[in-house]
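Trainee: sequence? don't have it. structure:
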């Protein structure tokens with residue numbers, strides 16, 4: 001009886017327009033106060049325990065990193081790189097938008113942030129070369145959903161907190177499905193482009209790909225820091241999120257300088273001599289290569305015997321010197337390696353000017369108006385999401401204390417459900433719920449109920465998590481509450497109905513992808529279990 005009352009209370013409050021966090025928390029308190037043998041002191045205890053959850057600490061940092069990356073001009077650089085890579089195909093600008101969403105998803109972990117950052121630039125660009133606004137909006141609305149599937153994903157962190165599944169394994173599990181989903185969307189675009197005779201961009205050669213990759217490199221290197229750092233054993237997912245936030249702040253304000261007190265200040269001026277430019281760039285590439293080498297070599301050789309920090313640094317220094325010489329010779333073919341010291345000496349004023357500028361503005365960068373706006377906007381999102389999560393974990397406690405998942409498990413097993421039919425039921429439940437609820441809240445409600453049943457029926461916990469995330473993706477582009485629909489409507493000025501119609505053809509692609517992920521579990525489990533071993537669940 002308690003189960004029926006609990007779910008009825010939640011549904012009634014939601015239909016009355018009560019915020020989801022309040023609906024979950026208030027329903028749980030009413031059940032504990034009037035229908036349960038549990039003490040009211042458990043409410044305070046559960047709220048305190050939820051707020052002390054170490055895994056959930058990753059969410060604020062990932063949101064902050066996403067905000068700096070969205071504001072700091074990274075999206076524009078990623079789009080340039082994506083256009084250079086795939087823009088020459090028929091429908092290439094739309095395909096480049098999908099690739100850009102995939103790359104930005106690996107930085108932000110957020111679907112709405114991906115839609116805003118990529119969509120505001122890509123939709124306007126597609127319109128200029130002849131795409132309809134509807135087609136461009138449909139592409140971005142659907143491609144933006146990859147923000148919660150490609151790691152690092154905030155929704156995956158929420159699932160891990162709700163079920164005690166490894167965040168690291170969940171992140172790895174999203175890599176192959178995320179790539180497949182992106183490729184399926186690009187294939188659908190290519191087929192539609194052939195029928196609609198959509199334009200193709202001019203092939204600008206591999207030089208443009210290298211130039212685009214170089215420009216976006218500082219932002220894309222965050223992917224290596226997060227994924228490599230976690231699986232190289234350098235830090236936990238929560239620590240990786242903190243590193244990502246600090247790195248994003250530094251890149252946005254001090255390297256790209258798209259915001260903050262140094263906004264618009266370029267590293268090189270028109271007045272700088274050619275020798276100074278070559279010397280400065282060659283040293284930057286050498287230092288960047290050394291930095292990347294030291295990080296990647298640590299990830300690869302962390303368990304090798306006989307490999308020392310000094311040895312890696314010595315090899316890295318030699319390779320970096322070779323990079324410096326090669327770049328200088330390439331930029332100035334008439335030169336020779338003996339001229340390198342002269343180039344470096346000529347670049348000293350450039351270094352002095354930029355380091356002095358950064359020193360003078362280092363404190364101002366923390367208190368700049370644009371920095372403050374990013375922090376405030378991020379804080380609003382963090383507070384909203386964490387309030388939902390804490391109340392949802394209280395709701396999950398009530399479910400567990402009243403043994404509701406156990407009762408549902410016994411009923412489903414007795415009714416003859418197996419893993420195949422169970423996953424059909426889970427997909428239908430999540431697809432329906434995703435139309436009316438925010439992904440994190442819905443996942444925190446459903447996961448504690450279906451997880452024990454899945455374990456009883458032999459469904460892999462990591463596979464179940466990816467299935468739930470893909471359902472959340474589809475929920476973000478289905479009315480009436482699909483968040484990506486509202487975000488896309490806001491940045492294009494289209495009505496919600498128009499955006500829904502525009503997104504519909506691509507939703508079919510994601511449905512096919514959902515079926516593929518649901519019944520081919522190796523797509524989700526091969527990579528994490530190959531690198532980290534199987535997930536151990538105690539029943």
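Mentor: Cool, got the structure. Because the structure is predicted, anything quoted here is derived from the model rather than measured. Numbering: from 1, shown residues only.
Trainee: In this protein, where is pLDDT below threshold?
Mentor: In the predicted model, the chain carries pLDDT under 70 at residues 1, 72, 536-539.
Trainee: Can you tell me how far the most centrally placed residue in the chain is from residue 299?
Mentor: Ranked by distance to the mean C-alpha position of the chain (CA atoms, centre = their mean), the top residue is residue 109 at 2.0 Å. Computed as CB to CB, to the nearest Å, the residue 109 to residue 299 distance reads 21 Å. To be clear about C-beta, it is placed using only N, CA and C from the backbone, and glycine gets the same treatment.
Trainee: quick revisit: now do the contacts for the residue nearest to the centre of the chain.
Mentor: 62, 66, 147-148, 151-154, 157 (CB atoms under 8 Å, 6 or more residues apart in numbering).
Trainee: try residue 399
Mentor: Residues near residue 399 by CB under 8 Å, 6+ apart: 6, 405, 448-449.
Trainee: For residue 204, state which of those is nearest.
Mentor: Nearest to residue 204 out of the contacts of residue 399 is residue 448 (CB to CB; 51.7 Å).
Trainee: Give the full set of residues in contact with the closest one.
Mentor: So residue 448 contacts 162-163, 396, 399-400, 405 (CB under 8 Å, 6+ apart).
Trainee: go on, residue 117?
Mentor: With contacts defined as CB under 8 Å, 6+ apart, the neighbours of residue 117 are 69-70, 74-75, 104, 108.
Trainee: Can you lay out those as TSV showing neighbour count and secondary structure?
Mentor: Below are those laid out as TSV (neighbours: other CB atoms under 10 Å; DSSP: H, G, I helix; E, B strand; the rest coil):
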residue	neighbour count	secondary structure
69	28	helix
70	25	helix
74	27	helix
75	28	helix
104	31	helix
108	34	helix
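Trainee: just the strands in the stretch 1-150 of the chain please.
Mentor: Along the stretch 1-150 of the chain, no segments are classed as strands by DSSP state E, counting those that start in this stretch.
Trainee: so how many other residues sit close to residue 458?
Mentor: Counted with other CB atoms under 10 Å, the neighbours of residue 458 add up to 9.
Trainee: and stretch 389-403, how far out from the chain's middle?
Mentor: Centroid separation for stretch 389-403 versus its chain: 27 Å, with CA atoms, centre = their mean, to the nearest Å.
Trainee: ignore the last one, stretch 523-531
Mentor: Remark: stretch 523-531 is offset 19 Å from the chain centroid, using CA atoms, centre = their mean.
Trainee: How about stretch 133-148?
Mentor: 15 Å.
Trainee: in that stretch, what's buried?
Mentor: For stretch 133-148, the buried set under the neighbour-count rule, 16 or more other CB atoms under 10 Å, comprises 133, 135-148.
Trainee: wait, what's in contact with residue 207?
Mentor: The contact partners of residue 207, by CB under 8 Å, 6+ apart, come to none.
Trainee: Could you tell me the phi and psi values at it?
Mentor: phi -60, psi -40 (degrees, to the nearest 10).
Trainee: what's the answer for residue 482, then?
Mentor: Torsion angles, degrees, to the nearest 10, at residue 482: phi -60, psi 110.
Trainee: My guess is it contacts residue 473. True?
Mentor: No. Using CB atoms under 8 Å as the test, residue 482 is too far from residue 473 to be in contact (10.3 Å).
Trainee: before we move on, back to that, out of the contacts of residue 399, who's nearest residue 258?
Mentor: residue 448 (42.0 Å).
Trainee: So that closest one versus residue 52, what's the distance?
Mentor: Counting by CB to CB, the gap from residue 448 to residue 52 is 18 Å.
Trainee: so how many other residues sit close to the residue nearest to residue 149 when sequence neighbours are not counted?
Mentor: Nearest residue to residue 149 in three dimensions, chain neighbours excluded: residue 178, at 4.7 Å (CB to CB, 6 or more residues apart in numbering). Residues near residue 178, counting by other CB under 10 Å, number 23.
Trainee: Buried by neighbour count: which residues of the one helix or strand residue 178 maps to qualify?
Mentor: For residue 178, the element it lies in under DSSP states H and E is helix 175-196. For helix 175-196, the buried set under the neighbour-count rule, 16+ other CB under 10 Å, comprises 175-178, 180-182, 184-186, 188-190, 192-193.
Trainee: now the contacts of residue 448 as CSV including distance to residue 281 and secondary structure?
Mentor: Shown next, in CSV, are those (distance: CB to CB, whole Å; DSSP: H, G, I helix; E, B strand; the rest coil):
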residue, distance to residue 281, secondary structure
162, 48, helix
163, 49, helix
396, 54, helix
399, 59, helix
400, 59, helix
405, 60, helix
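Trainee: okay, those in CSV with distance to residue 517 next?
Mentor: CSV is the format used below for the contacts of residue 448 (distance: CB to CB, whole Å):
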residue, distance to residue 517
162, 20
163, 18
396, 25
399, 26
400, 28
405, 24
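Trainee: Among these, name the buried ones.
Mentor: So, by 16+ other CB under 10 Å, the buried ones in the contacts of residue 448 are 162-163, 396, 399, 405.
Trainee: Adding distance to residue 516, write the contacts of residue 117 out as a markdown table.
Mentor: What follows is the contacts of residue 117, written out as a markdown table (distance: CB to CB, whole Å):
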| residue | distance to residue 516 |
| --- | --- |
| 69 | 30 |
| 70 | 30 |
| 74 | 31 |
| 75 | 29 |
| 104 | 24 |
| 108 | 25 |
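Trainee: Tell me the one among the residues you listed nearest to residue 249.
Mentor: residue 69 (9.9 Å).
Trainee: Setting the sequence-adjacent residues aside, check what's closest to residue 272.
Mentor: If the residues on either side of it in the chain are set aside, residue 272 comes closest to residue 350, at 5.9 Å by CB to CB, 6+ apart.
Trainee: Correct me if wrong: residue 114 contacts residue 105.
Mentor: Yes. Here residue 114 lies in contact with residue 105, judged by CB under 8 Å, at a distance of 5.3 Å.
Trainee: how far away is the nearest residue to residue 87 once chain neighbours are set aside from residue 88?
Mentor: Excluding the flanking residues, the one nearest residue 87 by CB to CB, 6+ apart is residue 201, at 3.5 Å. Distance of residue 201 to residue 88, given as CB to CB: 6 Å.
Trainee: go on, residue 38?
Mentor: Distance from residue 38 to residue 88, by CB to CB: 63 Å.
Trainee: ok, now residue 218?
Mentor: From residue 218 over to residue 88 the distance is 25 Å, taken as CB to CB.
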